[in-house]
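J.: pasted the sequence and its predicted model underneath.
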Amino acid sequence: MLRTMLSIRLFEQRVKQLYRAGEIVGAIHLYIGEEAIATGVSEALRRDDYVFSTHRGHGHLIAKGGDLKRMMAELMGKATGCSRGCGGSMHMFDPSIGFMGGNGIVGGGIPLALGAAFSAQYRGADSVAVAYFGDGGMYQGVLHESLNLAAKWKLPFIAVCENNRYAATTPVAKSAASHDFSTYAAPHGIPGVRVDGNDCLAVHKAAKQAVARARAGQGATLLDCETYRVEPHCGIIPDDRPQEERDEWGRIENDPIERSRRRLKITQPQFAKLRAEIESGLDEAVEFARQSPMPKIGSCDA
Amino acid sequence: MLRTMLSIRLFEQRVKQLYRAGEIVGAIHLYIGEEAIATGVSEALRRDDYVFSTHRGHGHLIAKGGDLKRMMAELMGKATGCSRGCGGSMHMFDPSIGFMGGNGIVGGGIPLALGAAFSAQYRGADSVAVAYFGDGGMYQGVLHESLNLAAKWKLPFIAVCENNRYAATTPVAKSAASHDFSTYAAPHGIPGVRVDGNDCLAVHKAAKQAVARARAGQGATLLDCETYRVEPHCGIIPDDRPQEERDEWGRIENDPIERSRRRLKITQPQFAKLRAEIESGLDEAVEFARQSPMPKIGSCDA
Amino acid sequence: MRKLTYIDAIVEAMHEEMARDESVYVIGEDVDIKGGVWKGTVGLLEKFGAKRVRGTPISEAAFTGLATGSAMTGLRPILEIMYMPFCYVAMDQFLNQMAKLPAMSGGQIKLPITIRAQAGAGTREAAQHSQSQEAIFLHIPGFKVVMPATVYDAKGLLKSAIRDDSPVLFIEDRNLYYEPEEVPEGEWLVPLGQADVARTGKDVSVVTLGFPRRKALAAAKQLEGTVDVEVIDARSLEPLDMDTIGASVMKTGRLLVVHEAPVRCGAGAEIVRRVVAEYFDYLDAEPRVLGGANLPLPFSPVLEDACLPQVNDIVNAVRQMA
Amino acid sequence: MRKLTYIDAIVEAMHEEMARDESVYVIGEDVDIKGGVWKGTVGLLEKFGAKRVRGTPISEAAFTGLATGSAMTGLRPILEIMYMPFCYVAMDQFLNQMAKLPAMSGGQIKLPITIRAQAGAGTREAAQHSQSQEAIFLHIPGFKVVMPATVYDAKGLLKSAIRDDSPVLFIEDRNLYYEPEEVPEGEWLVPLGQADVARTGKDVSVVTLGFPRRKALAAAKQLEGTVDVEVIDARSLEPLDMDTIGASVMKTGRLLVVHEAPVRCGAGAEIVRRVVAEYFDYLDAEPRVLGGANLPLPFSPVLEDACLPQVNDIVNAVRQMA
Ligand SMILES: Cc1ncc(C[n+]2csc(CCOP(=O)(O)OP(=O)(O)O)c2C)c(N)n1
Ligand SMILES: Cc1ncc(C[n+]2csc(CCOP(=O)(O)OP(=O)(O)O)c2C)c(N)n1
Ligand SMILES: [Mg+2]
Ligand SMILES: [Mg+2]
């Protein structure tokens, strides 16, 4: 999992550079600091399981096995992109590995994931479907409708809240009457589990249980993963969060990657080597994206 | 409250006759058997409190003090109707007594009521707003969004679920993962109260508490009132509910009006007199409606 | 020939297509209880079981999204919306998701979804239960849209819709549901994108959408001897059969479009735009649209009737242009 | 004269109207945090307090309904939708509730609501963040709709919208937000229902909606000497100033409408329909609409640009008709 988390981190840092340099345009939401969630969840998934992502989805795709070259090409709007340049950062797709797309609408992907879970049940497959969403997604009614349906129909559905404390500039404490989103599961009679979202092992453990339940036909689970958004919400929005809060979450001991490195007792030289490997893959990805042609006019007319 | 309940019952029976006779057309949803809810709730309300109703709203309006003449005229599509013939059964309005309209969209009135509660708070008035909805409304996400907002902003908002076990032909047990809707309040940290919805005193007691909380600035409450729809869902839909269930709810001891009569020790002759009084008011209402002119073309071009 | 009602034709189409393809299933409110409110799913539960006939709670947004997600992963849902205005509750799922996923994915996602939406007006159910929405689904790219007005077309178009690989909005009119018409035995398809010349004539082309087909035919009958009216039932609005409409206009030089939706930004305006753009030189008079009044439909029968185009209105409009 | 940006003009209008009327308040996501994502509410919180500047959770359906309910009971909300396609999440509240309550109540309910919706395209934010929806709100009766394209109009129309007693959809274009233009000091109103003749000309009438005003003016400049183009910025789509458009068409005999929304069933088709119905005999050539491509907007810059009407497209279209 360390490798996956580091791949996500370095990918996002590269994206940030390219965005600053104007090589990548549009709206970019970085996953830095939240890597443990997608990594821990995907570690419990198979290729034929489904993932439905959000506006902040690069990490979800990398963790599901996404191709860095085609991702980078997508961000540059190239014909070789994983959505052929039609989707961009918020709408990457790779159905061949069960990655069913990012979503620009907060909460919009949740019932879609429900549908994939339904489809698995219908076909008698034991695949499961994961819906990621932020704390902001907890305020969208469709989540509650979906939890009810998933519970009632015992669908292999896993709702993963990436509770990074902010929806754009609005803190959770200002929007949510409840502060523990795992309690939203109770009225529907499904497990709601609060997890340390900066600990990939904790996430993985909870996800593994949820996946096992789902595969066994026992239905849905809601995970509330506590984490923190290290970067600003999006390129265009200045960041005004309290410095103490950022310092606290910024502490090296809180960093999901560093926590994993220490736990695995990876030495700094070993880590540097891993890092270098990933960076060279990223060099290739960027080069691939740069060299790729622009899509032909008309190529998104699905 | 007995008088109010009986007025509702007899009004609805009159509507049923007129509907059968073709004098009333359109979609009519009768409130028979559920009279204790609106009656118990409205008994706790003032004229300057707001009520937002549903497709099954005649009882809500009568309990709030609605004028039977103008209601009957509305049902006949007349110019003198409480919505000037523009609304019909599902869209009766009487803002002068705080009755802010029926609603043809399941759940649609809930956030409107939230707005009236907001408005009261904004203006520093101590009015409260009631949103009625059926068990079917529990499946609409906007309810959950509204509970969160009401809780967070401590709005004087009272959500009243008329849990009559069916949404059209679908029983609660088939749709809801949870069987106790009062539990939906817990994640938002507001009181959720389950009430015997066929006992106007029980409803009234719960409503009084909710209203007191709301007026005191302590925020919202969710009431789950258990009742039963005695009539078919709507004129056009045949009724296929289990006979045992209907028999059980049909038992005279379960009838909200009879329960009230017995409790108050009203004798049958007294009751017959009350009934006759109400019937004669209804005769007038029907006559008024019949004699009223049709609206002029263009009169609904608001 | 045999007699069949519009709603039974719909049921028959679903029976055939569900038997033909295991991935086709039905989802919507009450669809698994005695054939649903409109009797539009009669017998399906008994034949295909609860797995393939899914009654839902009143959660349009969730189950519309569910249908879409299931189509993304191999199924072919038939999604029933009990009354068309309830689509609005699920509009994000229709217009941001279903409409856009195929294009945003660069064509990797196919959505073989049929949306059965019950529409129609004149039934005294007031504004929130009666509203034509074809123009919205035509304006926002991503849907095919059909509006059958005969029993034959109901069955044939529904079967084509179910077999199509993109979202098809199939708009039904409850006023047509229960009156039998003659139809052939067995199976047939009506391809998407073909108008039906319901009556030939040489003086004025009247293009209808859905229910007004009947009213236009009645008007044409009344006008017999004075004006020779050609009635074209568009049937399929996207794709739209401009060839048939254009050929008619080239013959008559006069166009009247009739639908129940409000005129402003409606499908009639679009047909006028296209006819004007492509056949301007053939026009002998200004093309016109006769549509619903520009307000939410009132309840009172006298008011509601006045808001909808009636046979007389068509007669008058045709007289004015001929 | 002084320089002001479009977004600051909006802020100024709200400051003035909130100071003028206690019942006016602002509600939307992040509006109370540093002036919001777009800086469209800067200073309001400091001046008017948290009671009148309400940041909401991401619950568009609930807070749109809340705004409506508050308007039913005496307040005058300014409802901000962060990106226009998010309206779909609240579409029942917009189209079944806000649009219909005044009519269904027989006029007893008034809804003085201003909906500030941030729209626009060309910013590489892909299909779910860029979609013009004016045609939907024009088609479904119940709204007034304005689309200011200048700083002057942004302020003047917003003030008129806030003072109006019915729901007014105020469509902003993010591409216009931050570039200053010259405007007068103090207060002014621009009445709803008046078009602006942005440039007079005698050969071709180009009617624009929103942002394309600029492109049409640039095209007119390029065409100077060959074709004399009149550019009419519709500004207000409902009510629509047909007198000004008609007068122009009577002069030029040629009409081109330009907007960014897809052409099918768009506002351009509606303008063509009306011009054809009312000014047919003045037309010397077929009226045309130049609009967005008929697909969800793609991300890739080359593709997105190809989907939107550009200055060159306008030049070519005008050349073809002149
Ligand atoms: C329905 C909807 N409303 C508003 C937005 C604008 N928006 C985009 S991301 C965002 C914040 C989302 O917060 P959260 O769900 O917590 O995810 P995070 O960005 O924190 O990962 C907002 C308000 C949107 N995309 N969709
Ligand atoms: C959004 C929406 N979906 C479906 C309907 C159709 N419909 C009208 S009433 C009804 C059942 C409502 O059940 P419930 O909320 O329990 O109220 P009840 O009729 O039992 O009083 C349904 C499905 C509707 N009006 N609105
Ligand atoms: Mg967040
Ligand atoms: Mg019920």
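T.: Thanks, I have it. Ligands and ions are numbered 1, 2, ... in the order given.
J.: next, count neighbours for residue 19.
T.: All of this refers to chain A. 18 (other Cβ atoms under 10 Å in any protein chain shown). Using the backbone N, CA and C atoms, a C-beta is placed for each residue, glycine as well.
J.: look at chain C instead
T.: Neighbour number of residue C:19 under other Cβ under 10 Å is 11.
J.: close to ligand 2: what parts of chain C are there?
T.: C:29, C:58, C:60, C:82, C:86, C:89 (Cβ under 6 Å from any ligand atom).
J.: narrow those residues to those in strands?
T.: residue C:29 (DSSP state E).
J.: now the residues of chain C next to ligand 2 as JSON lines including neighbour count?
T.: Below are those laid out as JSON lines (neighbours: other Cβ atoms under 10 Å in any protein chain shown):
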{"residue": "C:29", "neighbour count": "28"}
{"residue": "C:58", "neighbour count": "26"}
{"residue": "C:60", "neighbour count": "31"}
{"residue": "C:82", "neighbour count": "21"}
{"residue": "C:86", "neighbour count": "23"}
{"residue": "C:89", "neighbour count": "32"}
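J.: save the residues of chain C next to ligand 2 as CSV, and put in distance to chain A too.
T.: Shown next, in CSV, are these (distance: Cβ to the nearest Cβ, whole Å):
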residue, distance to chain A
C:29, 12
C:58, 9
C:60, 9
C:82, 16
C:86, 14
C:89, 10
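J.: so which residues of the stretch 201-322 of chain C form strands?
T.: C:204-208, C:229-233, C:236-238, C:255-262, C:288-292 (DSSP state E, counting those that start in this stretch).
J.: would you mind finding the most buried of those strands?
T.: strand C:204-208 (a mean of 29; mean count of other Cβ atoms under 10 Å in any protein chain shown).
J.: do that strand and chain D meet?
T.: No: counting by Cβ under 8 Å from any Cβ of the partner chain, chain D is not contacted by strand C:204-208; separation bottoms out at 13.4 Å.
J.: give me the distance from that strand to the chain's centre.
T.: Averaged C-alpha coordinates place strand C:204-208 at 17 Å from its chain's average position (Cα atoms, centre = their mean, to the nearest Å).
J.: each with direction, which strands does that strand pair with?
T.: Its sheet considered, strand C:204-208 pairs with strand C:229-233 (parallel), strand C:255-262 (parallel) by DSSP bridges.
J.: ok, the closest residue to residue C:36 other than its chain neighbours - contacts?
T.: Excluding its sequence neighbours, the residue lying closest to residue C:36 (Cβ to Cβ, 6 or more residues apart in numbering or on different chains) is residue C:30, at 4.9 Å. Residue C:30 makes contact with B:168, B:169, B:170, C:36, C:37, C:55, C:82 under the criterion Cβ atoms under 8 Å, 6 or more residues apart in numbering or on different chains.
J.: of those, closest to residue B:285?
T.: Comparing those against residue B:285 with Cβ to Cβ places residue B:168 closest, at 28.7 Å.
J.: list the contacts for the closest one?
T.: B:136, B:233, B:234, B:237, C:29, C:30, C:37.
J.: and the fifth one, what does it touch?
T.: Put plainly, it is residue C:29. Here residue C:29 is in contact with B:167, B:168, B:170, C:36, C:37, C:55, C:56, C:57, C:58, C:80, C:82 (Cβ under 8 Å, 6+ apart).
J.: low-confidence stretches in the stretch 101-250 of chain A?
T.: A:236-238 (pLDDT under 70).
J.: just checking, residue C:37 touches residue B:232?
T.: No: using Cβ atoms under 8 Å, residue C:37 makes no contact with residue B:232, being 11.4 Å away.
J.: so for those two, which residue has more residues nearby?
T.: residue C:37 (24 against 17).
J.: now stretch A:157-173: buried residues?
T.: By 16 or more other Cβ atoms under 10 Å in any protein chain shown, the buried positions in stretch A:157-173 come out as A:157-170, A:172.
J.: likewise stretch C:45-61?
T.: Neighbour-count burial for stretch C:45-61 [16+ other Cβ under 10 Å]: C:45, C:48, C:52, C:53, C:54, C:55, C:56, C:57, C:58, C:59, C:60, C:61.
J.: in those, find the pair that's most separated.
T.: C:48 and C:61 (25.7 Å).
J.: so which bits of chain A are right by chain B?
T.: A:139-145, A:147-148, A:151-152, A:175-178, A:183-184, A:186-190.
J.: try it again with 10 Å
T.: A:107, A:111, A:138-154, A:173-190, A:192, A:219-220 (Cβ under 10 Å from any Cβ of the partner chain).
J.: can you pull out the strands in the stretch 1-150 of chain C?
T.: Going by DSSP E, counting those that start in this stretch, the stretch 1-150 of chain C shows strands at C:2-4, C:24-29, C:53-56, C:76-81, C:114-119, C:144-146.
J.: actually the stretch 151-300 of chain A, not the one I wrote
T.: Going by DSSP E, counting those that start in this stretch, the stretch 151-300 of chain A shows strands at A:157-163, A:166-167, A:170-171, A:192-196, A:221-226.
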